[in-house]
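In: Kindly return the folded structure for what I paste below:
(2 chains)
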Amino acid sequence: MQKVYTKIESIVGNVVTVKAEGVRNGDLAMVGDSYANVIKLDKDMVSLQVFAGAQGVSTTDPVRFLGRPMMVSFSEHLLGRIFDGAGVPRDNGPALTENMIPIGGPSFNPSKRILPKHMIRTGIPMIDMFNTLVESQKLPIFSISGEPYNQLLSRIALQAEVDVIVLGGMGLKYDDYLAFRDTLERGGAMSHTVMFIHTASDPTVECTLVPDMSLAVAEQFALEGKKVLVLLTDMTNFADAQKEMAITMEQVPSNRGYPGDLYSCLASRYEKAVDIEGAGSITILGVTTMPGDDVTHPVPDNTGYITEGQYYLKSGRIEPFGSLSRLKQNVNGETRDDHRALMDGMIRLYSQYKESLEKKSMGFLMTEWDEKLLKYGQLFENKLMDLSVNISLEDSLDLGWEILAECFEPNETGLKSSLIKDRWPNKSAIN
Amino acid sequence: MKTVTGYVTGINGNLVKVSFEGSVRKNEVGYIIVDGKRLKGEVIRINNGEASMQIYEMSNGIKVGDPAEFTGELMSVELGPGLLTQVFDGLQNPLPELAEQCGFFLERGVYLDPIPNRDWEFTPSAKVGDHVQPGDAVGSVPEGLFEHKIMVPFNLKGNDWTVKSINEKGSYNVRSTVCVLVNGKGEEKELSMVFTQPIKEAVKCYKERLQPDEALVTKIRCIDAFLPVAKGGTFCVPGPFGAGKTVLQHMQAKNSAADIVIVAACGERAGEVVEVLKEFPELVDPRTGRSLMERTIIICNTSSMPVAAREASCYTAVTMAEYYRQMGLDVLLLADSTSRWAQAMREMSGRLEEIPGEEAFPAYLESTIAAFYERAGKVRLNDGKLASITIGGTVSPAGGNFEEPVTQATLKVVGAFHGLSRERSDARKYPAIHPVDSWSKYSGVVDMARVEEARAVLVRSTEINQMMKVVGEEGTSAEDYITYQKGELLDSVYLQQNSFDPIDAACEPERQRREFDKLYDAMMTTYDLSDKREIRSFFNQLRQDFLDWHGTEFETPEFDEQEKKITDFFMAKAIS
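Out: Predicted coordinates:
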């Protein structure tokens, strides 16, 4: 029998305290009409964090303990659906209550992990060719606010070769949420997508639940053998929500007001990325906006220590310098024989282009070689770096050769002669 | 002895308050019983008759009134034959066995036996009537490459123990009694091959501590020659993310001339541990010809595993290191990363509502870090043998800024500082140890006086480089330009090392001396060069020749030939 408590002792921030017995740590409760979970027990005083916020909660509101932790329903019916941070449908569809699974489950046993070895094709040359995304990788997209990171995520959602996409939105602007929904519906990806969306006007506590909900669902799909891609945007909002809650709970802040366990908080989510032997995998792409373009800000800094590389989004492009996929060498040796060499060679030339560009802007005389580099840089940026380009890895490698052939003599590229002989588009140029 | 029991009165995160009857020690281990599962925890504070326990597991589902049990024992590890090659979590739970039992995910409240239950071939070395002290061997078993000593437990009290009986040579189960001791009062103590040892107490069963004076060869040129590490010394590797801390540690784990290597992956990525797990069994230790895994223990408490156990993991690792040191071996302990360990302390301190120090780290941060590194050392054991523990810890400073509490507290107590720099790693100069900012108090494998001279050139070269950024190449004198090129040469052909090249990845000390001497000669020679372009092309060629030299096998005719080629090349331009 569920006992109803009607005397709330204190309400501070989003935390209410009630006298109750036999309550478990982490259990779910209803305070009025809102969900809440138990965050602290002291004798018979139970502290509850109200998901919808404690505004308007009265001391006589009924508190009912549900006797179970926070859970999310898992089944095939999730696909194509949109929920909020507490798991309540946002899309006028029916609420799902079958096969409830707990969120924030235990960690994967490290000794059962396997070396990641499959690439995920996204059709974006700057990812596939230069910083390959690998199954089970966790990668953040470091970006300043204003950059088209959500457009990038929707493109990846549309183009990535995966079975299931779980999109977790935290603190999204309402129009960004609508844009995600519409893009995925129009692109036909909605049928294999689940969305957990917290918008900027929703209660803060729900924001902190989004990654756990998304990853719990992703984990179940992965155990069923599905290749899952989890897109999280924006993890800085998640960290800020954690900060807000920690401060209301009167925790001692450590760095710029963030709680001391920020690293563990982020790590326990990102570390859910895994390739399960004999089953599926979870790959995580998260957006981390850098306040003031400062990579040493606690959120991008802690994220960098956890993730396996990062993509820098700058001026609407994935920046080739600074962006790094730590796992790319696990896969790019087996794609095509010219992949690694061409990748290195093109980046080397691109960095020389940057130097020439600098020289040009300072008014130095341009040599013939500088002119070649300038032409090359322009072509590279327009044909490969532009985010709207959608071509397969093989086509982008071929395109890379074409760009080189258009700008340089074979021996100027610094590539191995044997490769040039095989791949140079205009054979007559090779002597 | 009656077990002390109690019940839960409050929970905050992983801190559980327990009301109890009877006597409870600070730092003793207790269990909270939830749904038949026993969750391990440690008493960290006793206040108003209530014990505060930090739980090493997730604390969901605990409720007020749940029963608790206290063991009366401090947090301990089990020591005995069979530890090598294993993979443990921070509480010495063997992870592969756990996976067999629980599947893909870590299940809480499951604690397995860390010492494999098997028979070992025991050879007694003590005789009936022998006086023994803690840490003395009574016999041995063969564990892989090593003669694993079966010792008197380190924390056995009293010094009047004699051997009453000891088993004959033969095969015995690891937990069966092999020896019985008796003391002056007639009390008896049965010894098996396994005993437990509290992890937070340093083992002091040795005659004296010695100055760490012998270099621990890592086969990394930049470390062995310029920033050496000594057997029994300590070093730290701070660096921003992506600077290559973990890759550097893995290189050290692979190539160091230590008998035993213990890798403590503390709060870092699980994927990196997997690399060690999959790679090490395949690699051959050139010193023994056996798999590298046979000298390795991995303690793995990755970032998503419970935080309290992360704090314990470094102590678990160092206690195992002390156990093997006690057998007369040189042990290298690599902790990655001590910042995560310090953060675990910070989280706990916050829950205890202690007054925070800088960046909310607890006030005892420095003394705790110091106490940990002080467990390293070179010692003379009671039987006269020398043995050592070398501790190397990585530090992950927030924002790559070394002015933060963990880096600063660590720098105070270590003997060598290998600071990694973002500029060097961005320029793909590996290992990205900053050669000018880093330091070491130990002496290395090459002549230290010459190293100092070479370093002086490097420092001067860096200054000239700074100056050239302002005045340009044109405004630099030929003499300065040559010094600048000499410094660059040292950096690119000696300090940088290609860890993916089969030959260059590991550089033997003998080879290091040969190469350094040649480079020293090249650097100290005065050249008859005045034109900048000529200087540049001269040094480019010299660099290329040195790099080709790195690619030749040591002690082959090609090696000597290339050396001669280099000498001839630079001597041709020398002013005699």
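In: show me the contacts for the residue in the stretch 401-550 of chain B positioned nearest to chain A.
Out: Of the stretch 401-550 of chain B, the residue with the smallest distance to chain A, taken as CB to the nearest CB, is B:Asn401 at 7.1 Å. C-betas here are computed from N, CA, C, even on glycine. Applying CB atoms under 8 Å, 6 or more residues apart in numbering or on different chains, we find B:Asn401 in contact with A:Thr296.
In: Doesn't B:Thr483 lie inside a strand?
Out: No. Using DSSP: H, G, I helix; E, B strand; the rest coil, the secondary structure at B:Thr483 is helix, not a strand.
In: burial of it, as a residue count?
Out: Each residue near B:Thr483 was counted by other CB atoms under 10 Å in any protein chain shown, and the total is 19.
In: what's the distance between it and B:Arg536?
Out: For B:Thr483, the distance to B:Arg536 (CB to CB, to the nearest Å) stands at 14 Å.
In: Repeat that for A:Val12.
Out: A:Val12 sits 69 Å away from B:Arg536, taking CB to CB as the criterion.
In: do the same with B:Lys254
Out: For B:Lys254, the distance to B:Arg536 under the criterion CB to CB works out to 37 Å.
In: What's the mean pLDDT across stretch B:103-121?
Out: Throughout stretch B:103-121, pLDDT has a mean value of 92.
In: Mind listing what's buried along that stretch?
Out: By neighbour count, and taking 16 or more other CB atoms under 10 Å in any protein chain shown as the criterion, the buried residues in stretch B:103-121 are B:104-106, B:108-109, B:114-115, B:120.
In: next one: stretch A:338-353
Out: Taking 16+ other CB under 10 Å as the basis for neighbour counts, the residues of stretch A:338-353 that come out buried are A:338-339, A:341-343, A:345-346, A:349-350, A:352-353.
In: cool, stretch B:442-453 as well?
Out: Neighbour-count burial for stretch B:442-453 [16+ other CB under 10 Å]: B:442, B:444-446, B:450-451.
In: check contacts around the residue in the stretch 151-300 of chain B that chain A sits nearest to.
Out: Of all residues in the stretch 151-300 of chain B, B:Phe241 sits closest to chain A, with a separation of 3.9 Å (CB to the nearest CB). Counting by CB under 8 Å, 6+ apart, B:Phe241 touches A:301, A:304-305, B:396, B:400.
In: Let's see that with 7 Å instead.
Out: In this structure, B:Phe241 makes contact with A:304-305, B:396, judged by CB atoms under 7 Å, 6 or more residues apart in numbering or on different chains.
In: Of all residues in chain A, which one is nearest the centre?
Out: A:Gly286 (1.6 Å; CA atoms, centre = their mean).
In: Let me know the secondary structure of it.
Out: Under three-state DSSP, the three-state class of A:Gly286 is strand.
In: So what sits opposite it in the bridge?
Out: Each beta-bridge partner of A:Gly286 is listed here, defined by DSSP bridges: A:Pro140, A:Leu232.
In: my read: it touches A:Pro140, true?
Out: Yes. Checked against CB atoms under 7 Å, the pair A:Gly286 and A:Pro140 is within contact range at 4.8 Å.
In: Show me the common contact partners of these two, please.
Out: Shared contacts of A:Gly286 and A:Pro140, counting by CB under 7 Å, 6+ apart, come down to A:Met235.
In: Please consider this matter closed, and thank you.
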